[in-house]
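>>> Pasting the sequence and the predicted model now:
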Amino acid sequence: MTDVNVPSSLDGVEPVQSVRTPIRMEYTFTPGVAAQTYLREFGNKKILGNVSPIDGAILVPPRGADPRHGALCEEFVEMPHTGHIGSYCVTNVPIPGRDLDLPYISAWIFLDGADVGFLNLVAECPPEECRIGMRVEAVWKPDEEIGMTAENILYWKPSGGPDIPFAEAGVRGWHARKQGETNA
Amino acid sequence: MRKVAIVAAASRQEEKMLDTEVEMMIPLISEVKAKTGLDQTEIGFTCSGSSDFLAGQAFSFVMTLDAVGPVPPISESHVEMDGAWALYETWVKFQMGIIDTALVYSYGKPSPGSLQDVLSTQLDPYYVAPLWPDAHAVAGLQARTLLEQGIINVDQLADCAVRAGTVESREEYFSQPMLSDPLRKADCPTYADGGVAMILAAEGKAEELCEKPAWITGIDHRIDVHHFGVRDFTTVPSARIAAEKAGVHDGPIDIAELHAAYTTHDLLLRKEMGLPETPNHSQRSYPIKADTLMASGLLRIAEAARAIWEGDANRALAHATAGPLLQQNLICVLSGEDT
Amino acid sequence: MGTGGELAAVVGVGMTKFSATRGDVSMPGLVREAAQRALEDAGMQWDDIDAVVMGKAPDFFEGVMMPEIFLSEALGCVGKPMLRVHTAGSVGGSTALVAASLVHSGVHERVLTVAWEKQSESNAMWALSLKQPFQVSINAGAGGYFSPIIRQYMEVTQAPELIGCMVAFKDRQHALLNPYAHLHQPDLTFDQVVESPMLWEPIRYSETCPSSDGAAAMVIVNEAEADKAENPAWIHAGAMRSEANNFPGRDEVNPLASRECAADLWKQAGITNPREEIDVVEMYVPFSWYEPMWLESLGFCERGDGWKLVESGVTHIEGGDLPVNCSGGVLSSNPIGASGMIRFAEAALQVRGMAGDHQVTGAKKAMGHAYGGGAQYFAMWVVGQDKPAA
């Protein structure tokens, strides 16, 4: 600690150890062109993906960009509400600002036909039964609560059917499909 | 020192952009790549500047990287500063001799946030920020000091505002009410969303990519004291030192693109750097009319480069600033001729 | 091949004590503590420094926008050039590389570099989980992001379940040898690590990095200055790579950016067999399983074999021939903005013979490593006791 010269008039006065300064800032975000289109249709219970102009890769949710090429994605395609789990974890840590029962499963959902995944909750599934490659389907909020918001899908639940093999699940799927195309 | 030039630039500014940062930057980055015929794999280094507080998100620059197309992987870095400093970091990399081309970009969207509040958080968090003095208030303090010490007078402010185009005449200036006494609306910046992208290249490569490379003949940056009680509002030592080190007066300056968001700053900078109060050439654009935080400085450098490319200038000065009241300054001198 | 440009070396290292809350210092106090120690180690005064490069992670961690601005006096920057780097978690490393570049390029002779985080000032968990607009908030921090990746590594390699616990236990034991480390747990047993609660399965509480306040600083100088110093750590190589974090077919377990960064690094350093030629590694392991994962990615072993190195004990300072994170690593101290620089600085201390109780005997070449974002930003360096070969 550095020595500080304090005037004698402050002898015996308790030094200030910390000061609490609340900060509040408000931001009004715009979703951007791609997200606007996505959210509008999400409000109609449709899930859209972007199509890459370079090689047709399907990116969900649409961000208007193919990050491999720095290319604008302006084409959309409607996606099914089913997919599989690319990977997941069982979490015992609460999310600030959300009221969730612990533990909960957060997973990378790869929709059927999509080439990238997105993070969302998996529920109606005991954690020990969750696995990579498990097929899932969307569980939407009740119709009257659906709006132009990212929160329309409450979670994903097991849909039954055979698992996607690990070697083709999640990020591995792209290479498996490319291999399949080469071999065809 | 190795000669480095700016060979292409693209920029965009709009008061309230609906695009996300990525959607905004993709066309700009694509444009400079197209102009030079380079694709990302041929670019030696990429560097950008932006601010999380401005974006309202931690790690905000991570998303914007998608606009570059960093697949396969790239050599890339980022500064939490105006893009002008990203350009400086890049210029240093050229001096190591390990790259021949580079992409530099920066962007900012002041519109989603309350910029005045955001800027207050840049001030000393223990003594000053809790008082929430906004940027205009702080500029007003400085303006009051300058006027009362007779360093500038109100007519100079009015003329500067007319020159920058925030008002049409002295009469219009003086008819405006005070915004932050003694500053009026015409003295203060209007903020705009925007971004800039540019390609730099070393001697030997620059000539292949551009007809008239804008050579960086001098570049330097310095920072002054922060704390208001210690700082002399009436001088800008960092600008003066940076201008000296960048060799501003090694030759005539045909155009000076100053990152002056306030009329007071324009006048102070000219004084400090020995530039004429009434320059022969107007700036191509004035930050006071459209100030894009985190990109305004890099945009000055882009404008100076454009002046060179378009033959409006042979020797151009570009200035960038950061921090409250011109605390940190970067000067870049560009030249069109072989020096 | 070399770094390019002139030679540069580390002649001063300074760190603060890392703890959950450094309530005894303000932000200026924290950075000065590290910077002052680095200057003293270098035998220099503030005026000897030509330029300052500062690095830290998101400013929301402290609630101050661009704090380097108000720290200009505290870091002796007045009248000097000052840069502020921010590359997410790798920032401490990339900051060191930017500082080194100022010397390699010949622009400056003596550079001070500081990386820090005072996470206790704001709320780190909140800052890491800030709700992204128009997206559902799912992530409860970095653990929630990396655990699914770790699960895939475990699946592919079929590694024994407790490999992660072995890494965590080792790093906490190493931390006992480092007075600056945040977590000092002398009574911790391996079983306690195994039995600690699962946070983001498969990652347990004890396999997770703490949230710390702290700063690290170095003085980097050119050859002429380093030749005057007693024991410089010469910079043999430095490399950075970035990639996107979500794209079709991305190898997120062993990112290409990491592999290419390491390949560039070894090439610059003239290293063809890292396992043999590197004496000690300081790598960025915030969650236990990243030690075997990075060992593979960096080329210390074949893909799929990282966990075997851990299991065999070679990464332990006692008896291991490839000791990893003798300082205790990120698992024992994690001021996010500083962690990368701590790795780089610890590597320098090792080759200078100044790592005290966690010194690896005879260490001549060391690697510093940092990563950030969605395992997409990488910064690495190699430092050596001897000047790099011409």
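Great, that's in hand.
>>> The longest helix along chain B close to chain C?
For chain B, the helix that runs over the most residues, judged by DSSP state H, is helix B:21-36. No: counting by Cβ under 8 Å from any Cβ of the partner chain, chain C has no neighbours in helix B:21-36; the shortest distance is 10.9 Å. Heads up, the C-betas are built off the backbone N, CA and C, glycines and all.
>>> and if you look at stretch A:171-184?
Yes: judged by Cβ under 8 Å from any Cβ, stretch A:171-184 comes into contact with chain C at A:171, A:174-175, A:178.
>>> thinking again about what came up before, counting neighbours, which bits of the longest helix of chain B end up buried?
By neighbour count with 16 or more other Cβ atoms under 10 Å in any protein chain shown, helix B:21-36 contains the buried residues B:21-33, B:35-36.
>>> Quick check: of these, which lies closest to chain C?
Nearest to chain C out of those is B:V22 (Cβ to the nearest Cβ; 10.9 Å).
>>> Settle this for me: the closest one is touching B:G69, isn't it.
No: contact criterion Cβ atoms under 8 Å: B:V22 and B:G69 do not qualify, at 11.1 Å.
>>> returning to that earlier point: and the longest helix of chain B, what does it pack onto?
helix A:32-42, strand A:65-66, strand A:71-72, strand B:4-14, helix B:60-64, strand B:101-108, strand B:193-202 (3 or more Cβ pairs under 8 Å, 6 or more residues apart in numbering or on different chains; DSSP states H and E).
>>> So what's the residue count around C:V383?
29 (other Cβ atoms under 10 Å in any protein chain shown).
>>> who in the stretch 101-250 of chain B is up against chain A?
Close to chain A, as judged by Cβ under 8 Å from any Cβ, the stretch 101-250 of chain B has residues B:111-114, B:117-118, B:121, B:125-126, B:129-130.
>>> Buried ones among those residues?
Buried among these (16+ other Cβ under 10 Å): B:111-113, B:117-118, B:121, B:125-126, B:129-130.
>>> Which ones among these map onto strands?
When DSSP state E defines the strands, the subset of these inside them is empty.
>>> Report the two of those residues separated the most.
Greatest spatial distance among those (Cβ to Cβ): B:S111 and B:Y126, at 30.0 Å.
>>> still on that earlier bit, from the residues of stretch A:171-184 next to chain C, pick the one nearest C:E161.
Closest approach to C:E161 among the residues of stretch A:171-184 next to chain C (Cβ to Cβ): A:V171, at 22.8 Å.
>>> Enumerate every residue touching A:A71.
A:A71 sits next to A:52-54, A:65, B:26, B:30, B:69 when contact means Cβ atoms under 8 Å, 6 or more residues apart in numbering or on different chains.
>>> give me that answer again for 6 Å
By Cβ atoms under 6 Å, 6 or more residues apart in numbering or on different chains, the contact list for A:A71 reads A:53-54.
>>> hang on, the earlier thing: closest to chain C out of the residues of stretch A:171-184 next to chain C?
Using Cβ to the nearest Cβ, these come closest to chain C at A:W174, 3.5 Å.
>>> Go ahead and list the helix or strand containing the closest one.
In this assignment (DSSP states H and E), A:W174 forms part of helix A:172-183.
>>> and chain A, which residues reach chain B?
Taking Cβ under 6 Å from any Cβ of the partner chain as the measure of proximity, chain A contacts chain B at A:21, A:25-30, A:32-33, A:64-65, A:67-70, A:72.
>>> Next one: stretch B:282-298, is it in contact with chain C?
No: for stretch B:282-298, no contact with chain C is found by Cβ under 6 Å from any Cβ; the gap never falls below 9.9 Å.
>>> Compute the first-to-last residue distance for that stretch.
By Cα to Cα, to the nearest Å, the extent of stretch B:282-298 from end to end equals 18 Å.
>>> give me the low-pLDDT residue ranges for chain C?
Residues of chain C meeting the criterion pLDDT under 70: C:129, C:139-140, C:390.
>>> same check, this time on chain A
A:1-3, A:184.
>>> can you pull the contacts of the residue nearest the centre of it?
Nearest to the mean C-alpha position of chain A, by Cα atoms, centre = their mean, lies A:L119 at 3.0 Å. The contact partners of A:L119, taken as Cβ under 6 Å, 6+ apart, are A:108, C:138.
>>> next SSE after the host helix or strand of it?
In this structure, A:L119 sits in strand A:118-122 according to DSSP H and E. Next helix or strand after strand A:118-122 toward the C-terminus (DSSP H and E): strand A:135-140.
>>> before we move on, the earlier item: what bridges to the residue nearest to the centre of chain A?
Note on A:L119: beta-bridge partners by DSSP bridges are A:W108.
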